[in-house]
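Asks: need a structure here:
(one chain, ligands or ions: 1)
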Amino acid sequence: MKVDMDKLVSLCKRRGFIFQSSEIYGGLSACWDYGPLGVELKRNIKEMWWRDMVRERDDMVGLDSSVLMHRAVWTASGHEEGFSDPLMECKVCHRRWRADDTKDGRCPDCGGELTEPRMFNLMFKTFFGPVEEEAAVIYLRPETAQGIFVNFANVVDTARKKLPFGIAQIGKAFRNEITTGNFIFRCREFEMMEIEFFVKPDTAGEWFSYWLEERQNWYIKLGINKENLRLHQHGEDELAHYARVCYDIDYLFPMGWSELEGIADRGDFDLAQHAKHSGKDLSYFDPDSGERFLPYVIEPSAGVDRAALAFLVDAYDEEPDKNEIRVLLRLHPDLAPVKVAVLPLSRNEALVPMAKDVYASMRKCFTAQYDDAQSIGRRYRRQDEIGTPLAVTIDFQSLEDNAVTIRERDSMKQIRVPVAELTRTLELKLLGEPLEVLPPGGKYWLGFE
Ligand code: GAP
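Replies: Alright, predicted model coming up:
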C-alpha cells in the first residue's frame with residue numbers, strides 16, 4: 001500500500017522506533033535517535049548485510065576504520081576541493097536550498113527570489129587537539145570509503161586475498177546537508193554500509209553489472225517489493241568527482257523515487273590519489289600474470305538509515321479487521337526488532353509461572369518480549385504494529401496439556417504446539433516454513449484445521 005510519511009513518523013515515535021535528536025530542547029534537525037525497537041531494526045539490517053556481504057563470501061573481508069582521519073586523506077580524495085553542493089538562499093525568507101531542489105530560481109517555500117548558487121562544502125570541520133587553529137583542522141568523515149582506501153596495502157599484506165576481492169565497512173558518516181527533511185532519508189549524521197571491491201581494470205564492467213544485480217537482490221530477499229525498486233544512471237552532470245560510471249538503486253519512497261544505494265565505478269581514482277599524495281606504492285602485484293598495477297574499484301554504497309526507511313515503508317500495511325483497522329509492519333523475520341512475543345492469556349496468577357518459564361527459554365534463542373498488559377486482542381495488535389512475526393500464547397489448557405498457541409502476524413493463523421517442540425517450531429517458522437506443515441516429518445500439529 002502507499003504509505004503516508006506522517007503516519008510512519010508517528011508510528012515510529014509512538015512505538016519507540018525513532019525519535020528526534022535533542023527533542024526536549026526543540027530538536028536538532030536531520031539528526032535522529034533510534035529507540036528500543038529502532039536500534040534492534042537497525043542492528044538487524046547491519047547484521048544481515050554483514051552476514052551476506054562479508055561472512056558468507058570468500059572474496060570479502062571487513063574493516064572498522066576511525067571516523068577521524070588525517071586531513072591529507074580528504075585533500076587527496078578530492079573532498080576538500082569538490083565535496084560541495086550548490087547552495088541558493090531565498091532573499092525573502094532566507095531559507096537555504098540545494099540548487100537541484102529548486103525550480104525557476106524561486107524559493108520552494110515562499111516563492112521568493114533566490115541568490116545565485118555558491119558552492120558549499122558538506123564536510124563538518126573540527127579541531128584536533130586543544131588549539132583551535134587552521135593547522136589543527138580535521139573533518140568528520142563524509143563517507144567510510146576513504147578509511148578503506150588508505151588501508152588497502154595493510155589489508156593486502158595481511159589478509160592473503162587475491163584480486164578480485166572486497167573490503168567492507170559499516171560506520172557513521174557526517175554531512176552538513178543543506179536541505180534536509182523526509183524523516184531519516186537525508187540526515188546530517190548517518191550510517192553507511194560500504195564495499196570497495198578491487199578488480200583487474202579490464203574486468204570492471206562485469207563486476208559493475210554483478211554488483212548492480214547482487215545489491216538489488218539483497219533488498220528483494222529481505223522483503224522489498226521488486227516493483228518499488230528501479231535503476232537510475234547518473235548523467236555527466238550528476239557524477240561525483242571520483243566516479244567513471246554510477247547507478248543509483250532508487251526506491252519508491254512516500255515522497256517519490258529517490259536514491260536508496262549508489263553503485264559506482266571509481267576506477268583507480270582513489271588509490272592513485274593516495275599513492276600520489278602519500279608517496280606510498282599502493283599498486284597490487286598479480287602473482288598469476290606477474291604484473292603490477294592499480295586495481296579498479298566497484299563501490300556498492302548503502303545508507304543504513306535509508307535502508308531502514310525503505311524497509312519500514314515497504315512493510316507498512318493496514319487492513320480492515322471487524323470494525324477497526326489493523327496496522328501491521330510486514331517486516332521480514334530477519335529484520336523484525338522482536339521475533340517472538342510471549343503472551344499469557346491473562347494476568348491470572350495460575351498462568352504466570354508457566355508463561356515466565358516459556359519466556360525465559362525463548363529469550364535464550366530469540367529477541368523476545370513478554371507482555372501481559374490489556375486484552376489478548378490488543379496485545380496481538382501491538383505486536384502486529386511493531387512487526388513481531390510470531391506470538392506465543394499460554395492459556396489455561398496449557399497447564400493441562402503442556403502445549404501453547406503460536407499465532408502468525410501476517411495470516412493471523414494459529415496452531416497448537418507442545419512446549420517441548422516450541423523452540424524448533426519457531427526457528428523453522430522464522431526461516432519461512434509454512435505454518436501448517438511442521439516437523440517431524442511434515443506432521444500437522446494438534447489444533448490445526
Ligand atoms: N562512498 C560513496 C558515497 O558516499 P553517496 O551516494 O554520497 O556515495 C551513499 O552515499 C549512500 O549513503 C546513499 O545511497 C544513501 O543511502 C546514503 N546517504 C548519503 N547521504 C546521506 C544522508 N545525508 N543521510 C542518509 N543517508 C545518506
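Asks: how far is stretch 32-45 from where the chain is centred?
Replies: Relative to its parent chain, stretch 32-45 has a centroid offset of 10 Å by C-alpha atoms, centre = their mean, to the nearest Å.
Asks: Check stretch 272-288 too.
Replies: Averaging C-alpha positions (C-alpha atoms, centre = their mean) puts stretch 272-288 32 Å from its chain's average.
Asks: Now it: buried residues?
Replies: Gln273, His274, Ala275, Leu282, Ser283, Tyr284 (16 or more other C-beta atoms under 10 Å). (Each C-beta comes from the backbone N, C-alpha and C, glycine too.)
Asks: Could you measure from the residue of the chain found nearest the ligand over to Glu408?
Replies: The minimum distance from the chain to the ligand, using C-beta to the nearest ligand atom, falls at Gly303 (2.6 Å). Distance, Gly303 to Glu408, by C-beta to C-beta, to the nearest Å: 31 Å.
Asks: between the two, which one's more packed in?
Replies: Higher neighbour count among Gly303 and Glu408: Gly303, with 23 against 15, using other C-beta atoms under 10 Å.
Asks: Provide a list of residues in contact with the more buried one.
Replies: With contact set as C-beta atoms under 8 Å, 6 or more residues apart in numbering, Gly303 has these partners: Phe190, Glu191, Met192, Met193, Leu260, Glu261.
Asks: 7 Å instead?
Replies: Phe190, Met192 (C-beta atoms under 7 Å, 6 or more residues apart in numbering).
Asks: Kindly report the residues of the stretch 251-400 of the chain close to the ligand.
Replies: Contact residues (C-beta under 6 Å from any ligand atom) of the stretch 251-400 of the chain with the ligand: Glu259, Leu260, Glu261, Gly262, Glu299, Ser301, Ala302, Gly303, Asp305, Arg306.
Asks: Quick check: beta-bridge partners of the closest residue to Val3 other than its chain neighbours?
Replies: In this structure, Val3 finds its nearest non-sequential neighbour in Tyr316, 4.6 Å apart by C-beta to C-beta, 6 or more residues apart in numbering. According to DSSP bridges, the residues that bridge with Tyr316 are Leu329.
Asks: Need the pLDDT of Tyr316.
Replies: We note a pLDDT of 97 for Tyr316 in this prediction.
Asks: Can I get the helix or strand where Pro320 lies in CSV, CA atoms only?
Replies: Secondary-structure element containing Pro320, defined by DSSP states H and E: strand 316-321. The C-alpha coordinates for strand 316-321 follow below in CSV (Å, rounded to 0.1, in the frame of the first residue of the first chain):
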residue,chain,number,x,y,z
TYR,A,316,3.7,-0.9,6.5
ASP,A,317,0.2,-2.2,5.9
GLU,A,318,-3.4,-1.6,7.0
GLU,A,319,-6.3,-3.9,6.7
PRO,A,320,-9.9,-3.9,7.8
ASP,A,321,-10.4,-6.0,10.9
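Asks: For that strand, what is the distance to the chain centroid?
Replies: Centre-to-centre, strand 316-321 and its host chain are 25 Å apart (C-alpha atoms, centre = their mean).
Asks: what do you get for stretch 419-437?
Replies: Worked out by C-alpha atoms, centre = their mean, stretch 419-437 lies 27 Å from the chain centre.
Asks: do stretch 130-144 as well
Replies: 27 Å.
Asks: what about the helices in the protein?
Replies: For the chain, the helices defined by DSSP state H cover 5-14, 36-50, 71-76, 79-82, 145-149, 152-159, 204-221, 269-278, 304-315, 352-365, 376-386, 396-401, 422-430.
Asks: Point out where the stretch 301-449 of the chain drops to low pLDDT.
Replies: Within the stretch 301-449 of the chain, the stretches with pLDDT under 70 are 435-449.
Asks: again but with the stretch 51-200 of the chain, I slipped
Replies: For the stretch 51-200 of the chain, no stretch is flagged by pLDDT under 70.
Asks: List the beta-bridge partners for the residue nearest to Glu259 when sequence neighbours are not counted.
Replies: Spatial nearest neighbour of Glu259, excluding adjacent residues (C-beta to C-beta, 6+ apart): Asp248 at 4.2 Å. On the basis of DSSP bridges, Asp248 is bridged to His232, Gly262.
Asks: Just to check, Asp248 is in contact with Gln233?
Replies: No: contact criterion C-beta atoms under 7 Å: Asp248 and Gln233 do not qualify, at 8.1 Å.
Asks: Pick out whichever of those two has more residues nearby.
Replies: Per other C-beta under 10 Å, whichever of Asp248 and Gln233 has more neighbours is Asp248, with 19 against 10.
Asks: List the residues that contact that one.
Replies: Listed by C-beta under 7 Å, 6+ apart, the contact set of Asp248 reads His232, Glu259, Gly262.
Asks: what's the answer for Leu331, then?
Replies: Neighbour list for Leu331: Gly223, Phe311, Ala315, Gly387 [criterion: C-beta under 7 Å, 6+ apart].
Asks: count of neighbours near Asn176?
Replies: 15.
Asks: Buried by neighbour count, from the residues of the stretch 251-400 of the chain next to the ligand: which ones?
Replies: By 16+ other C-beta under 10 Å, those give Glu259, Leu260, Glu261, Gly262, Glu299, Ser301, Ala302, Gly303, Asp305, Arg306 as buried.
Asks: who's in contact with the most centrally placed residue in the chain?
Replies: By C-alpha atoms, centre = their mean, the chain has its centre lying nearest to Val304, at 2.7 Å. Contact partners of Val304, counting by C-beta under 7 Å, 6+ apart, are Lys42, Ile45, Lys46, Glu191, Met192, Met193.
Asks: How many residues are close by the closest residue to Arg71 other than its chain neighbours?
Replies: Distance criterion C-beta to C-beta, 6+ apart; nearest residue to Arg71, sequence neighbours excluded, is Ile138 at 5.2 Å. The number of residues packed near Ile138 is 19, by other C-beta under 10 Å.
Asks: Ile138 contacts Ala72, correct?
Replies: No: counting by C-beta under 7 Å, Ile138 does not reach Ala72; the two are 10.0 Å apart.
Asks: pretty sure Arg292 contacts Asp281?
Replies: No: using C-beta under 7 Å, Arg292 makes no contact with Asp281, being 8.7 Å away.
Asks: so what sits against both of these two?
Replies: By C-beta under 7 Å, 6+ apart, no residue touches both Arg292 and Asp281.
Asks: quick one on the thing from earlier: going by distance to Trp97, which of the buried residues of stretch 272-288 wins?
Replies: Lowest distance from Trp97 to those (C-beta to C-beta) belongs to Gln273, with 31.1 Å.
Asks: That closest one contacts His79, correct?
Replies: No: using C-beta under 7 Å as the test, Gln273 is too far from His79 to be in contact (10.5 Å).
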